[in-house]
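**Q** okay, here's the prediction I keep looking at, along with the sequence it came from:
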Amino acid sequence: MILKFANRFIGFGVLLAFMQVTYAQGKKQPNVLMVYVDDLGYGDLGLYGAKDIETPHLDELGRSGIKFTNAHAAAATCTPSRYALMTGNNPYRAKGTGILPGDAALIIPQDKITLPKVFQKKGYSTAIVGKWHLGLGNQVDKDWNGKIAPGPLEVGYGYSFIFPATADRVPTVFLENHHVIAADVNDPIYVNYKQKIGSEPTGKENPELLKMHASPNQGHDNTIVNGIGRIGWMTGGKAAKWTDEELTLTFFEKAKEFIRSNASKPFFLSYNATEPHVPRMPATVFKGKSKLGLRGDAILQLDYTVGELVRELKNNGIYENTIIIFTSDNGPVLDDGYVDEAVSKTGNHDAFGGLRGGKYSAFEAGTRVPFLISWPAEIKKGQVSDALVGQVDLLASFASYLGVSYSQDEAVDSQNHWKSLLGEDTKGREYLVKSAGTFSIIKGDYKYIRPNGGAKINKSVNIELGNDEIPQLYNLKIDKGEKNNIAPTNKNKVDELDKLLQTQL
Ligand code: NG6
Ligand code: CA
């Protein structure tokens, strides 16, 4: 009895001591809101130089913390970049990390550390709302009408409200945790990426039903949903199919709900916006609001959304101690498969921010993306950082800050750059490897692109891919636009970087 009492007393003492430490430090674990957007360019925000579109909420976010000028996605398309962000491994380390179809199986290993697991290990509530595009289930062939697993819940998220792949791929449905929302046994959903199924109209057979046409030779002419031809075929699920104009409203309401109900405990929320990826079909109230056509309108909607999320944090009194990270999975593209006036209305707007290439490209516009971080309680406002940082580093950086350990071979490419993220270190990485068709490496002022015999231009999207049979070397400090290949006159540097790159593959 006495022993029991003594035990309790000691337990209480420990608790008290712990409370005193926390109290003495005066610090509560910060919340983290990670806004990961789709295909936004280095030049698309006011803060990064855009003049023909106004992005006040995002500019304000950047001004209240740090704007990074040298931050990179691991690849120039969605799936591989997201794979790296989630796993801390560059995408070329695993097979099948290219752009996934909408019926793909999950590609994130369940037995290894992931970015959300870092937070879960510290008792955070974790959630993902928005685009997924990392596969679902154990196989392609799956029952969309029952439980769909594994998925986000099996790799670190406690709550998930997603769409499976991209807005232009079937199935055009939402999944909450393991189930499709509004799935109906009497109208079962079937998905196929090999051949047409069911009798729903397709863009190819019924172009008269389209409200937005596909660009020539760019697919997007399979099953029509909401007047838009998609990639892949789907049948059934009448009640489950989304209306594009409601996508973002649905996502940010879910995100706000999560913020509200977790306001009193630390959380990690991945908000994966779909803008400005195709099909650009924002809420009607945003249509025609920018002078850049629907792509610009979608960016305005994104800016508004981020403003709303910040407002929600403020309303709940947790804005000051929330780290907000904003970045994009890859660079911009104008015509990515639909006739939506992105090209004809772009005018003087330079989504590429003066960089060469674009989405799909090894040139800088493919992977160098806007990257903002704010944390009013800890990060000095108004900073601009040229530190070299990779999205792949978020895993190790947060793990180090939170004191979470994992075996290094689980996330080999992720480095701890916590100090760079806070603006306390201005150098960042020693070097960074990127994979987009061909491999490239940035070290200091130099960027080397390995020779590759692939196509030089993707003609449909009108983007230079960065491929060349000869080595390319650019001095990014004086030639951000990668115009002047100095490889022929800098053989030593080429050799040095080629060797270094080899050690990373
Ligand atoms: C491409 C699609 C493009 C887009 C992209 C994925 C064609 C011709 N183009 O294959 O429209 O969906 O995949 O974009 O099908 S990403 O940002 O999710 O990687
Ligand atoms: Ca993307």
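**A** Now that the structure is in, tell me what you want to look at. Numbering: from 1, shown residues only. Ligands and ions are numbered 1, 2, ... in the order given.
**Q** near ligand 1, which residues of the stretch 251-400 of the chain show up?
**A** Those residues of the stretch 251-400 of the chain that sit near ligand 1, judged by Cβ under 6 Å from any ligand atom, are 277-278, 330, 336-337. Every residue, glycine included, has its C-beta placed from N, CA and C.
**Q** can you lay out these as a markdown table showing pLDDT and distance to residue 386?
**A** What follows is those, written out as a markdown table (pLDDT from 0 to 100; distance: Cβ to Cβ, whole Å):
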| residue | pLDDT | distance to residue 386 |
| --- | --- | --- |
| 277 | 98 | 28 |
| 278 | 98 | 32 |
| 330 | 98 | 21 |
| 336 | 98 | 30 |
| 337 | 97 | 34 |
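**Q** among the residues you listed, who's most crowded?
**A** Neighbour counts for those were taken using other Cβ atoms under 10 Å; the highest belongs to residue 330, which has 31 neighbours.
**Q** now that residue, what's its secondary structure?
**A** When states are read from DSSP: H, G, I helix; E, B strand; the rest coil, the local structure at residue 330 comes out as coil.
**Q** what's the local residue count around the residue in the stretch 51-200 of the chain positioned nearest to ligand 1?
**A** With Cβ to the nearest ligand atom as the measure, residue 78 is the residue of the stretch 51-200 of the chain nearest to ligand 1, at 3.1 Å. Here the number of neighbours of residue 78 (other Cβ under 10 Å) works out to 27.
**Q** now the closest residue to ligand 2 within the chain: how far from residue 293?
**A** Evaluated by Cβ to the ion, the chain has residue 78 as its residue closest to ligand 2, separated by 3.5 Å. Using Cβ to Cβ, to the nearest Å, residue 78 is found at 22 Å from residue 293.
**Q** before we move on, what about residue 356?
**A** With distances taken as Cβ to Cβ, residue 356 is found 23 Å from residue 293.
**Q** which residues touch whichever residue of the stretch 301-450 of the chain sits closest to ligand 1?
**A** For the stretch 301-450 of the chain and ligand 1, the shortest gap (Cβ to the nearest ligand atom) falls at residue 337, measuring 3.8 Å. Taking Cβ atoms under 8 Å, 6 or more residues apart in numbering, we find residue 337 in contact with 168, 214-215, 218-220, 278, 460.
**Q** hmm, back to that, grab the two from the residues of the stretch 251-400 of the chain next to ligand 1 that are most spread out in space.
**A** The span of these, defined through Cβ to Cβ, is set by 330 and 337 at 15.0 Å.
**Q** starting at the chain centroid, how far to stretch 142-152?
**A** Using Cα atoms, centre = their mean, to the nearest Å, the distance from the centre of stretch 142-152 to the centre of the chain it belongs to is 22 Å.
**Q** same question, stretch 475-490
**A** Relative to where its chain is centred, stretch 475-490 has its mean C-alpha point 29 Å off (Cα atoms, centre = their mean).
**Q** now do the same end-to-end measure for it.
**A** Using Cα to Cα, to the nearest Å, one end of stretch 475-490 lies 11 Å from the other.
**Q** which parts of it are buried?
**A** Within stretch 475-490, the residues that qualify as buried by neighbour count (16 or more other Cβ atoms under 10 Å) are 475-476, 480-482, 485, 487, 490.
**Q** which stretches in the stretch 251-400 of the chain count as helices?
**A** Per DSSP state H, counting those that start in this stretch, the stretch 251-400 of the chain has helices spanning 294-315, 364-367, 394-402. These are given in chain order.
**Q** mean neighbour count, the ones you listed: which tops it?
**A** Comparing the helices of the stretch 251-400 of the chain on average neighbours per residue, with mean count of other Cβ atoms under 10 Å, the densest one is helix 364-367 at a mean of 32.
**Q** helices or strands up against that one?
**A** Here helix 364-367 is seen to pack against strand 431-436 when contacts are counted using 3 or more Cβ pairs under 8 Å, 6 or more residues apart in numbering; DSSP states H and E.
**Q** need the CA coordinates for the strand it packs on. CSV is fine.
**A** Written as CSV, here are the backbone C-alpha positions of strand 431-436 (Å, rounded to 0.1, in the frame of the first residue of the first chain):
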residue,chain,number,x,y,z
TYR,A,431,24.6,19.4,-53.5
LEU,A,432,21.2,18.2,-54.7
VAL,A,433,20.3,15.5,-57.2
LYS,A,434,17.1,15.8,-59.3
SER,A,435,15.6,13.3,-61.7
ALA,A,436,13.3,14.4,-64.5
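**Q** that one near ligand 2 anywhere?
**A** No: Strand 431-436 does not reach ligand 2 (Cβ under 5 Å from the ion); its nearest approach is 11.8 Å.
**Q** residues making contact with that strand?
**A** Under the criterion Cβ under 8 Å, 6+ apart, residues 72-77, 80, 90-92, 360-362, 366-367, 388, 390, 413, 439-444, 465-466, 500-501, 504-505 lie in contact with strand 431-436.
**Q** mind checking which of those are in helices?
**A** Cross-referencing those with the helices (criterion: DSSP state H) gives 80, 366-367, 500-501, 504 as the overlap.
**Q** secondary structure element for residue 220?
**A** Using DSSP states H and E, no element contains residue 220; it sits outside every helix and strand.
**Q** err, residue 246, not the other one
**A** Using DSSP H and E, residue 246 falls within helix 244-261.
**Q** contacts for that helix?
**A** By Cβ under 8 Å, 6+ apart, the list of residues contacting helix 244-261 reads 33, 125, 127, 129-130, 159, 161, 163, 167, 174, 226, 228, 242, 267, 269, 271, 273-275, 279, 281-284, 301-302, 305, 308-309, 312-313, 316, 318.
**Q** for residue 342, give its distance to residue 278.
**A** Relative to residue 278, residue 342 is positioned 8 Å away (Cβ to Cβ).
**Q** typo on my end, it should be residue 79
**A** Taking Cβ to Cβ as the measure, residue 79 and residue 278 are separated by 16 Å.
**Q** now swap in residue 68 and tell me
**A** Where residue 278 is concerned, residue 68 sits at a distance of 26 Å (Cβ to Cβ).
**Q** same check, this time on residue 42
**A** When Cβ to Cβ is applied, the distance between residue 42 and residue 278 equals 19 Å.
**Q** then residue 468?
**A** Here residue 468 is placed at a distance of 28 Å from residue 278 (Cβ to Cβ).
**Q** cool, residue 321 as well?
**A** Residue 321 sits at a distance of 37 Å from residue 278 (criterion: Cβ to Cβ).
**Q** next one: residue 460
**A** Distance, residue 460 to residue 278, by Cβ to Cβ: 12 Å.
**Q** likewise residue 378?
**A** When distances are taken as Cβ to Cβ, residue 378 and residue 278 turn out to be 37 Å apart.
**Q** pull up the distance across stretch 237-253, start to finish.
**A** By Cα to Cα, the extent of stretch 237-253 from end to end equals 23 Å.
**Q** quick one: average pLDDT of that stretch?
**A** Stretch 237-253 shows a mean pLDDT of 98 in the predicted model.
**Q** residue numbers of the protein in contact with ligand 2?
**A** With Cβ under 5 Å from the ion as the criterion, the chain comes near ligand 2 at residues 38-39, 78, 329-330.
**Q** now render these as TSV, adding distance to residue 178.
**A** Listed next are the residues of the chain next to ligand 2 as TSV, based on distance: Cβ to Cβ, whole Å:
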residue	distance to residue 178
38	24
39	28
78	23
329	24
330	29
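**Q** ok, so of those residues, who is nearest residue 113?
**A** Using Cβ to Cβ, the shortest approach to residue 113 within the residues of the chain next to ligand 2 belongs to residue 329, at 20.4 Å.
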